[in-house]
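Asks: Could you work out the structure for the sequence below:
(6 chains, ligands or ions: 2)
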Amino acid sequence: MGPHPFDVIDSRAELTLAWIALLPFLGALAPALAIRLGRNACALATGLVTATALALLLSLAPQVMAGQVVTARLEWFPGLGLNLNFFLDALGLMFAGMILGIGLLVIIYARFYLAKADPMGRFFAFLLLFQGAMVGIVLSDNILLLLIFWELTSLSSFLLIGYWRHLPEGRQGARMALTVTGLGGLSLIAGLLILGQIAGSYDLSVILQSGEAIQASPLYLPALILILVGCFAKSAQFPFHFWLPHAMAAPTPVSAYLHSATMVKAGIFLLARLWPALSGTEAWFYLVGGVGLFTMVFAAVVALFKDDLKGLLAYSTISHLGMLTFLFGLGTPAAAVAGVFHIINHATFKAALFMNAGIVDHEAGTRDLRKLGGLFTLMPIAATLAVLSAAAMAGVPPMNGFISKEMMLMEAVDTTAFGLNWLVPALVMIGVLFSAAYAFRYVVGVYFGPKRESYPAKPHDAPFGMWAPPALLVILAVAIGLAPALVAGPLVNAVAAVVTGGAASEKHLSLWHGFNLPLVMSLAALVGGGILLASHRQLERVWLALGLPDAKRMFDTTTLALARAAQRFTEAVHNGSLQRYMFVILATAVIIALAGFVSADYVQGGRPTLPAPGAAVVAWVLLVGGTTAVVLGHRHRYLSLIFISVIGLVVSLTFVFLSAPDLALTQISVEVVTILLLLVALNLMPKTSPVESGTGRRLRDGLLATLGGLGMAGATWALLRREGPASISEFHWNNSYSGGGGTNVVNVILVDFRGFDTFGEIIVLGIAALTIFALLDTAGRGASGRRLAKWTPDQNRSPERHPMMLVVATRLLLPLALVVGFYIFLRGHNEPGGGFIAGLVVSVALLMQYMASGYAWANRRLPVDHHGLIGFGVMAAAVTGLAAMVFGVPFLTSAYEYVPIPLIGDVGLSSALAFDIGVACTVVGVVMLALHHLSSVAQRAEKTPASDEPMDVDPSRPRAPAPAGPGGEGA
Amino acid sequence: MIEIAVLFTISCVGLAMALNLWRLAKGPTQADRILALDTMTINAIALMVLMQIQQGSAVYFEAALLLAMVGFVGTVAYCKFLLRGDIIE
Amino acid sequence: MSIEFLVASGVGVLSAAGIYLVLRARTFPVVLGLAFMSYAINVFLFASGRVVINQPPIWGKDVAAYTDPLPQALVLTAIVIAFGMTALVVVLALRTYLEVGTDHVDGLMDGKATPEAPPAEAPTIDTPAAISGASSGETRP
Amino acid sequence: MIKKLLPHPALTVTLIVVWMLLANQITLGGFVLGVIIGIILPILTSPFWPDRPRVRFGPATWFYLALVLWDIVTASFQIALIVLFRRSKDLRPAWLVVPLDVRSPEAITMLAGTISMTPGTVSCDVSACGRALLVHALDTPDPEAEVARIKRRYEARLKRIFV
Amino acid sequence: MSHWVIAPVLLPALLAPILLLFLRKRLMESRVVSIAACLSLLGLAILLMVQADSGVTAAYALGNWQAPFGIIMVLDRLSALMLLITAILALAVMIYAVVTGLDRKGWHFHPLFQFQLLGLNGAFLTGDLFNLFVFFEVLLIASYGLMLHGGGGARLKAGVQYVVINLVGSTLFLVAVGLLYGATGTLNMAHMAQRVAAAPVGDHGLILAGGLLMTAVFALKAAVFPLHFWLPRTYVSTSIAMAALFAIMTKVGAYCILRFTTVVFGDGAGPMAWAQADYLLPAALATMLVGFIGVLGARNLRHLAAFSVVGSMGTLVATIAVFTPEATAAALYYLPHSTFAAAALFLVADQIARRRGDYGDALSPSPIFTQAGPLSVLFFLTAIAVVGLPPLSGFPGKLLILDAVRSAPGGWWIWGFILGTTVIALLGFARAGSTLFWKSAATPGVIKAAAPVAPVTAAMVVVGLLSVLVALTVAGGQISVYLEATADQIYTPASYIAGVMGPG
Amino acid sequence: MDAGPVEILISAILVVGGFFALVGSWGLARMPTLMTRLHGPTKVTTLGVGSCLIASMIYFPAMQGTFSAHELLITLFLFLTAPITANMIAKAHLHRQKRGLDAEPMDGIADSLPESGVGTGWATFAGRLTEPSDPPR
Ligand code: NA
Ligand code: NA
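Replies: Ligands and ions are numbered 1, 2, ... in the order given. Here you go, the predicted structure:
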């Protein structure tokens, strides 16, 4: 037998199984759609879905009961080992049957329970989603798949608990349930993944066969603990139990379904499912058995003091889940059988009791025991059902609860823990005592005693639809009690065989086991329970005096504290301070780079140094001096700009000195345009910066700056002192003329070898211009517009806008500068120069006009659409590149030819030239657009009409009376 | 001989630039600073030309030419800022 | 003193100034800091091709030695991009100043008040809470 | 037609010369390109230079330029001497007001430029009506004489160039 | 050489100027062209994906200059995958922007959007480190424009921070490039790998400093702690639809970390191999924590979404930082998932905020708003996806990661952090959802000043994104096969190097 | 080392140029007021640079055999712009002194600046002429 011990029986069974798993999910749409046809149709559709699934399940029952396993497999994530593998064995059959069967009853019940105002379609859709998830859990043969369904039950139960959105208890309960079960789910994920790792497969069928390997693994204990946390959280075991009572804010059908019969049993199911692989160790015994036992006793005690019917039932459920956990924790096959049997029993009587509580709530208008009592005569049917199901819960013979309790006691008395043979039986005794007591309290408190004068509502028996489902369950409980071997025997035995991996021998279930210690204990519990109930009032006083911590408040306090802490932490860390962010980022960069440097070997290179001439030292002094001046005087912004120019100058000189003429040209021309931009912006901004950083911060920043500066200096030094491997630029040098048609290798690299960079670079410029435009175009509106309207110059100004001598000079300079620009453009391919610099030179030439003669005057004479220029530039570059593709060579492949033109001679025409035109156009467009819009913002601030005259003083001009000097204050 | 002359001149210009820096830092008026910067730019042009003579290579003229042009524009802009605030109006 | 030392220390000084200035609280010095970083990085990138004197990257049949042209091309691209970015950031700083009325990098008035910082109150765990936080341009008319 | 094609003939010539200087070599091709530039650029830039003054290119012009060049050289020596050897407190700086007879902005600019480049004087401002020039003299014992010298030596000659 | 490789860059490069030149003032035409462009990019991405699935690394030599001398665009499974993710997201966001009229809120939305795509696609395709810088700048500057689109004080303030931080990032990028070029003499990543492998030991210090700094820059884009600071305020302050588009921006960083490290600092790098992992893993774990704590402490939906992006980046980068094929395959599954989930979350948040009028997206109860029901479903599904719960792709995504990293060094840490932060995220989302939808149902009053919104189409975009997640889940097996092949290709850098540099 | 006449010429021009450049900046550094400082750079420095350019213009054809005329252009440019620069700086200075900003009383701008004597103030303080002082020609 391969890794999968279960053979596929037949394809029809496989298909049926797949349909069972799928149907509730697909069916979830049915109520959502059918609600348009009315509430009955909605319920009917839902019921039909569930009934169909149940029928399909039952059709497979005979095979399964015969010991066969039905499987269905579909690959999903084969690489991960997450596949849609389903299998149906007796355990699955029992649970699936319970889920679908009780589901059907709950649907019927809910049809009558839900009020007209409640959106029923949503309710049933959620319910079916839940049902599907639950069925998925019990049918999964893949633990990853199981995890998916597991989490889905948490999610769908979240929706169901919070179904009544207007109730704060519902919201809180839902969130609490989701949090706790979600937490457990994640723990389970970890545990199951580890389990899969140990077993080498995520398929349950494989895992179940690897029990020995699993228990021998060092990872067994962590896996076990993680899995148990998942199971305990889901099955409301201490200390994760507290969510369950608060989940009772859900509509009662949900409580009956999820919180007694099905979802809370998922943890128990998994304990049972993994029993063969995990149980039998000491850790298992103490962890599972211990937690189960404690939960059972503790919850039973609490249940007695709950006045809310559903609260009482919730703690009772916790207690019974504890009992189940305890049974599986004992690790003996007999205990496992008892556990399996009690699962069925508990489902029958507890679901019935929840429905009963719902009926009481529905009809009497309250679930508070202190306001109830004496309803027996008013609601005889409900009372009868309650008496019977409570009897089962208390373990009164001949109800089914009695039998499973006997079996449990039988196992308990044989159990020794911590070397003490009385400890477990004694604790169990307390548990059953209180179980009996709260069961009695439920019945007596609601139905017996004196009739009250008034109830919140006028109680009478519920409609048939509401009492029939619990009645059916009660009948089942009675039938099992009377003829356990007949009604439940085969199923229990089959399931037990699966759970114990065949270790459990066929066990004959019977009501009467003879007169023995467990029977004595059981009877004593019933009597004691009666006594406890009788002395309830006194006990309650003691209980209240104990003042046990309120789990809800603890949870709320914790989550609120967590959320507050999260908020405080987040806002303390992300305080919005760029200075902090920048410091952290820069410090990280410096540290990371240094860490990289010191963590690998470094050998100082042997490249000889070049002696520095005096002029270089002077330049260095200028650089350091200028930099120091800016750093020290950065608060005075205008001065800083002047000093920045010194640095730009030195950098340009450096490039000249170090044989980089193109860089020098670019640096020089970019510098001035940048300064112009900064000056235009500075006009509208504060001229000084206030002192804001304390000495500490300045010291800190200075330290980082020093460290970063040293790092950069060190890196530069290290690079300059080594030869390094041959650069790829050798190729560029050798092929510049022959392959790129130019002798200025830098330019050929720019427009040819790495023309794509340049293409991207002009796009960056273009986008910058677009963004600048978008920013400035709206500057006249809103807060900014108001601020501009109120703006007054913050410095004294001369009234003269356009000095005559300047205007005259720039008129002469314009054509000269344009010639220079054209020249620089043309020679770029062979000598220093090129499109970018040419574009800047032309821009500067034009800007001179703008500065001298005024923005409006100059702009009228240069009606160029800057957007168009940018768009054209980018397009021209792109089209040049594309042209190559027409000839089947890659984008941007260049071509050049020396074309003889009459009179002019051989002219080198290169496609790179066309590309460079694109570059130049973009540059001009960008610079002009940016300054154009910046200056128009300034004009808006000035609020004076633009001057029509290019110069203020012009003695040759026929003078017309003109308005007073703009915005100026005459001397 | 030319080498020595060039070296001498470079030293003179370098010294001149250092003096410019001194004036730039000292001020006291803004106009002084602009003037110092402008002078420094012109000295830088001289330095570039001298470097070319020293290196015997004529590829740096455009840099000098451009520096002359933008130096002027920059100085005008700085002055205009003092005069009007708005340099392009 | 070697040229290498001058270049390396120059890069260091420029970088340090850049780092110090971008850590200031007003947009204008931050822009200056970015400019310094740009200078530093341009020289540094250029230096990654080593430094040579009087060997311009102009190809000629008889020219054997040259300055590494590739870093120069990279620096050119970097200068151009930095230019576009500087223009943008200057305009953005101005525009923000006009809109917000302060040129503090965090948009703080006088470096003190926190017009945008959320009020210090508990998060909403089923307790009513004030509306806080920024709102997008579209949702507010 | 000619005027349209050659709005600024002097400029055209200048541009051709500048182009040739830039191109660094005298070739026919370069010259043709220079001519093309010299024709196209003035047309393109003519909107930026309206009301162009008429300039007479004659011996007077050339003489004036030579004179100025000579003055610049001598001025530089004068200033150098002052800078090097005159104590600050012995300086006799003065403000001069030069009343102007020339009217065209170009001529005034030319005059002001000349004044700035020549011994001991820097032109600082014009009057709002453009009829007087404010000049600063570094060291002058007799401001009146200095003004007269300026008017005689430069303005008178300029008046003949700008007609 | 197939020209298709360059098409994802060229198409937006041509359309953007056309939109700018001819359609600047024509909204309808712009929209048609833009959406058509997004559709074409989607088609192209699929075509390239099919092409890449042959397993051959295709190189496109721009300007016909062969590697390493010219710039090379490289198409392999990984880059094709990134192109596809970008195209899908772009289409969704573009449609959303059009139906909500976001493109009318300011200038140049459509050209900027195309430029943004150009930058993204270029970054995913290029095989050259400096060209990557250029494309980074393109995508960043376009993102500045888009981030600021629509204006407003808060956006501008946040914009200043975003721009300044990224400018510093760009500077650091160049420092790293300079170090690497200076030490290896090349810019082509494949060639650099060869040079690094052959580098003398004495060069290692510089190479590693450059390599780590480079990675730090990528980590800055990927919003890895402590370099993530720029993200929350940026995403909170921009228009929500743009925040949705920016879900891909962080992935660029993650992609670059993966690409750069595996090619240049892979096994061939000798003692320097995988040095990145030592720093990335703890940083990524901290990122997860900071991100999801932010989710829990969020005051409004956008904070929630922004911090969930940070958290998911932590998850993603932690997985990448394991640097094994299995883990990378898992990361590559989680990558599109987290991208689309985050985008969907932002878009849902937008629709909720619009309908809540003055209440905006604050996580405080408001009176019930229109379409709260359908929106609650969308929110619930999106939350499930982001938190990583079944049945959407986040769950298998996390399972894949947990399964893949377990045997790696530090794997248990990743386990702990992923599981732990999932709880935190779960708490945060449960809180948010119940406040927005359940509590609002119980709050009296009426909403004032609700912004107009196209209900059906806008919601359909979210539905579309969720369908992609469903498809990721349903077809997870087949997708995983592609991703495993992708991871194998990534961890066979020899194939990349041979594809770029030619055989031998 | 024998030096030909051309070399001597070049060297001499260079030395003169260096001298002027230094003196110009020295003047800038030592003169007492801005107006007096303005003279050095405007004339002397410009001439110093001009000398270097001329030296270069002789050097390249004579020593390197390459013709270079750019120097002439640069010189032209400098001579064209220097007076304008001086004018603008002077105007800025006048303006600021008259307004009492970074006051330097030795220049006498605040109190003893002469009137233009033609009926209008200086342009820096008066701006555009508001009224015609004589009928248009
Ligand atoms: Na060039
Ligand atoms: Na090419």
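Asks: where in chain B is pLDDT low?
Replies: Of all residues in chain B, none has pLDDT under 70.
Asks: In it, what residue spans correspond to helices?
Replies: B:2-26, B:30-55, B:61-84 (DSSP state H).
Asks: Kindly reformat these as CSV and extend each row with distance to residue E:207 and mean neighbour count.
Replies: From N, CA and C alone the C-beta is placed, and that goes for glycine too. Formatted as CSV, those follow (distance: least, C-beta to C-beta, whole Å; neighbours: other C-beta atoms under 10 Å in any protein chain shown):
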stretch, distance to residue E:207, mean neighbour count
helix B:2-26, 38, 22
helix B:30-55, 34, 27
helix B:61-84, 34, 27
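Asks: For chain E, which of those is the nearest?
Replies: Closest approach to chain E among the helices of chain B (C-beta to the nearest C-beta): helix B:61-84, 23.2 Å.
Asks: I'd like to check the angle between that closest one and helix B:30-55, please.
Replies: 180 degrees (axes from the mean of the first three to the mean of the last three C-alpha atoms, to 10 degrees).
Asks: quick one on the thing from earlier: any chance of TSV for the helices of chain B, columns distance to ligand 2?
Replies: Converted to TSV, these look like this (distance: least, C-beta to the ion, whole Å):
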stretch	distance to ligand 2
helix B:2-26	41
helix B:30-55	32
helix B:61-84	25
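Asks: sec struct for residue D:123, please.
Replies: Under DSSP: H, G, I helix; E, B strand; the rest coil, the three-state class of residue D:123 is strand.
Asks: Check the gap between it and residue A:641 for me.
Replies: To residue A:641, residue D:123 is 27 Å away according to C-beta to C-beta, to the nearest Å.
Asks: who has more neighbours, the two?
Replies: Taking other C-beta atoms under 10 Å in any protein chain shown, residue D:123 and residue A:641 do not tie; residue D:123 has more neighbours (26 against 23).
Asks: shouldn't that one be in contact with residue D:135?
Replies: Yes - if you go by C-beta atoms under 8 Å, residue D:123 and residue D:135 touch, sitting 5.0 Å apart.
Asks: so what's the closest residue to chain D within the stretch 351-500 of chain E closest to, chain neighbours aside?
Replies: Residue nearest to chain D within the stretch 351-500 of chain E (C-beta to the nearest C-beta): residue E:500, separated by 43.3 Å. Using C-beta to C-beta, 6 or more residues apart in numbering or on different chains and skipping residues adjacent in sequence, the residue nearest residue E:500 is residue E:190, 3.8 Å away.
Asks: Contact partners for the one you found?
Replies: E:67-68, E:72, E:127, E:263, E:496-497, E:499-501 (C-beta atoms under 8 Å, 6 or more residues apart in numbering or on different chains).
Asks: Can you classify the spatially most central residue of chain D by secondary structure?
Replies: Against the mean C-alpha coordinate of chain D, by C-alpha atoms, centre = their mean, the closest residue is residue D:110 at 3.2 Å. The local conformation at residue D:110, judged by three-state DSSP, is helix.
Asks: And residue A:62, by the same measure?
Replies: Residue A:62 falls in the helix class when you classify it by three-state DSSP.
Asks: Just give me the neighbour total for it.
Replies: 9.
Asks: before we move on, what about residue A:480?
Replies: Applying other C-beta under 10 Å, I find that residue A:480 has 29 neighbouring residues.
Asks: Skip the chain neighbours and tell me the closest residue to it.
Replies: Closest residue to residue A:480 apart from its sequence neighbours, by C-beta to C-beta, 6+ apart: residue A:400 at 3.8 Å.
Asks: could you pull out the strands for chain E?
Replies: E:58-61, E:72-75 (DSSP state E).
Asks: tell me the most buried of those?
Replies: strand E:72-75 (a mean of 26; mean count of other C-beta atoms under 10 Å in any protein chain shown).
Asks: So in chain D, which helix runs the longest?
Replies: helix D:59-85.
Asks: anything in it near chain B?
Replies: No - applying C-beta under 8 Å from any C-beta of the partner chain, one finds helix D:59-85 separated from chain B by no less than 11.5 Å.
Asks: Output the helix or strand following that helix as PDB, restricted to C-alpha atoms.
Replies: Sequence order places strand D:94-99 as the next helix or strand after helix D:59-85, per DSSP states H and E. Output in PDB follows, covering the C-alpha atoms of strand D:94-99 (Å, rounded to 0.1, in the frame of the first residue of the first chain):
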ATOM      1  CA  ALA D  94      33.400 111.200  -5.700                       C
ATOM      2  CA  TRP D  95      30.000 111.000  -7.300                       C
ATOM      3  CA  LEU D  96      29.800 112.500 -10.800                       C
ATOM      4  CA  VAL D  97      26.600 113.500 -12.500                       C
ATOM      5  CA  VAL D  98      27.000 113.400 -16.300                       C
ATOM      6  CA  PRO D  99      24.300 115.200 -18.100                       C
END
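Asks: And the contacts of strand D:94-99?
Replies: D:115, D:121, D:123, D:131-137, D:140, D:143, D:146-147, D:150-151, D:155, F:108, F:112-118.
Asks: Helix or strand with the lowest mean pLDDT in the chain?
Replies: No chain was given, so I picked chain A. Lowest by mean pLDDT, DSSP states H and E among the helices and strands of chain A is strand A:905-910, with a mean of 66.
Asks: that's the other chain; I wanted chain F
Replies: Result, chain F / mean pLDDT, DSSP H and E: helix F:109-112, a mean of 81.
Asks: Which other helices and strands does that helix contact?
Replies: helix F:70-98 (3 or more C-beta pairs under 8 Å, 6 or more residues apart in numbering or on different chains; DSSP states H and E).
Asks: SS state for the most centrally placed residue in chain F?
Replies: Centrality entry for chain F: nearest residue to the mean C-alpha point is residue F:42, 1.6 Å, by C-alpha atoms, centre = their mean. With three-state DSSP as the basis, residue F:42 sits in helix.
Asks: hmm, back to that, just the contacts of residue E:190: which are in helices?
Replies: Per DSSP H, the contacts of residue E:190 map to helices at E:263, E:496-497, E:499-501.
Asks: The residues you listed, buried ones only, as a PyMOL selection?
Replies: Those of those that count as buried under 16 or more other C-beta atoms under 10 Å in any protein chain shown are selected in PyMOL with:
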select buried, chain E and resi 263+496+497+499+500+501
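Asks: Just the residues contacting the helix or strand harbouring residue A:562, thanks.
Replies: Under the criterion of DSSP H and E, residue A:562 resides in helix A:551-573. With contact meaning C-beta under 8 Å, 6+ apart, helix A:551-573 is reached by A:172, A:175-176, A:179, A:241-243, A:245-246, C:117-118, C:122-123, C:125, E:290, E:293-294, E:296-299, E:307, E:424, E:427-428, E:431.
Asks: Next, the buried residues of the helix or strand following it.
Replies: Next along the chain after helix A:551-573, taking DSSP H and E as the criterion, comes helix A:578-598. Judged by neighbour count using 16+ other C-beta under 10 Å, the buried positions of helix A:578-598 are A:578-597.
Asks: Can you tell me the centre-most residue of chain C?
Replies: Central residue of chain C (C-alpha atoms, centre = their mean): residue C:34, at 3.1 Å.
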